[in-house]
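> Fold the following and give me the result.
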Amino acid sequence: SGLRKEQRKMDKHKNITLIGMPGAGKSTIGVLLAKAVGGAFIDTDLLLQQKHCKLLQQIVDELGFQGFIEEEGNTICTVSPEHAVIATGGSAIYYEPAMKHLEEISEIIYLRLSLDEIDSRINNRATRGIALKEGQTLASLYEDRVPLYEKYAHRIVDCDGKNPEQVLQEILQG
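Numbers count the residues shown, from 1 in each chain. Predicted structure coming up:
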């Protein structure tokens, strides 16, 4: 059993998971990163849409905040790739079993972006599929989520003022 534990430790970083706020670039950077490391790319938002045959915003509207969080989390728990880059929805951090699963199977990288930068990147808020609690603003969402992103991240990459290529290089340099 000692050998198996050692082996799991080595396998742990075969996958890379990207977490962060909507607009941080998880999907964009994820595709570039998967190409750069020769791995698969998995976008859990797309898995969710495919499973329900609906857009993310429709799923959020239908299930409500808590229902969406559980559905998203359960979907993430079914993902067990070998050598892949996983881009999660920004709200994945609310479902602890999903985050524990991702911690087991991957290195988690938080793509950190300032609220101002996020605000300037997201221009389709109503249709984007952002899981907001009743009456929640982007600023309060940011305040709510940042401590959780930091809690689960193995690494933090600052993305302010950087283009996707620069962020990619920073991730690859480790």
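> going forward, measure contacts between C-alpha atoms and count neighbours the same way
Fine.
> Now do the helix or strand where Leu32 lies, average pLDDT.
Element membership for Leu32, per DSSP states H and E: helix 26-37. Throughout helix 26-37, pLDDT has a mean value of 95.
> Ok, stretch 144-160 next?
The model assigns stretch 144-160 a mean pLDDT of 96.
> which residues of the chain score low on pLDDT?
For the chain, the stretches with pLDDT under 70 are 1-13, 124-128.
> Pull the residues that contact the top helix by length along the chain.
If you go by DSSP state H, the chain has its longest helix at helix 56-77. With contact meaning Cα atoms under 8 Å, 6 or more residues apart in numbering, helix 56-77 is reached by 44-45, 47-49, 52, 88-89, 91-92, 94-95, 97-98, 101-102, 126-133.
> let's see it at 7 Å
The contact list for helix 56-77 (Cα atoms under 7 Å, 6 or more residues apart in numbering) reads 44, 48-49, 91-92, 94-95, 98, 101, 127-129, 131-133.
> And for stretch 111-130?
18-20, 23-24, 56-57, 60, 139, 142, 156-160.
> can you tell me how far the residue nearest to His52 when sequence neighbours are not counted sits from Leu113?
Closest residue to His52 apart from its sequence neighbours, by Cα to Cα, 6 or more residues apart in numbering: Ile59 at 7.6 Å. Computed as Cα to Cα, to the nearest Å, the Ile59 to Leu113 distance reads 26 Å.
> check which helix or strand covers Glu107.
Using DSSP H and E, Glu107 sits in strand 106-112.
> Inside helices: which ones of the contacts of helix 56-77?
Residues from the contacts of helix 56-77 lying in helices, with DSSP H as the criterion: Thr44, Leu48, Gln49, Ala98, His101.
> Include neighbour count when you put those residues into TSV, please.
Formatted as TSV, these follow (neighbours: other Cα atoms under 10 Å):
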residue	neighbour count
Thr44	20
Leu48	22
Gln49	15
Ala98	21
His101	16
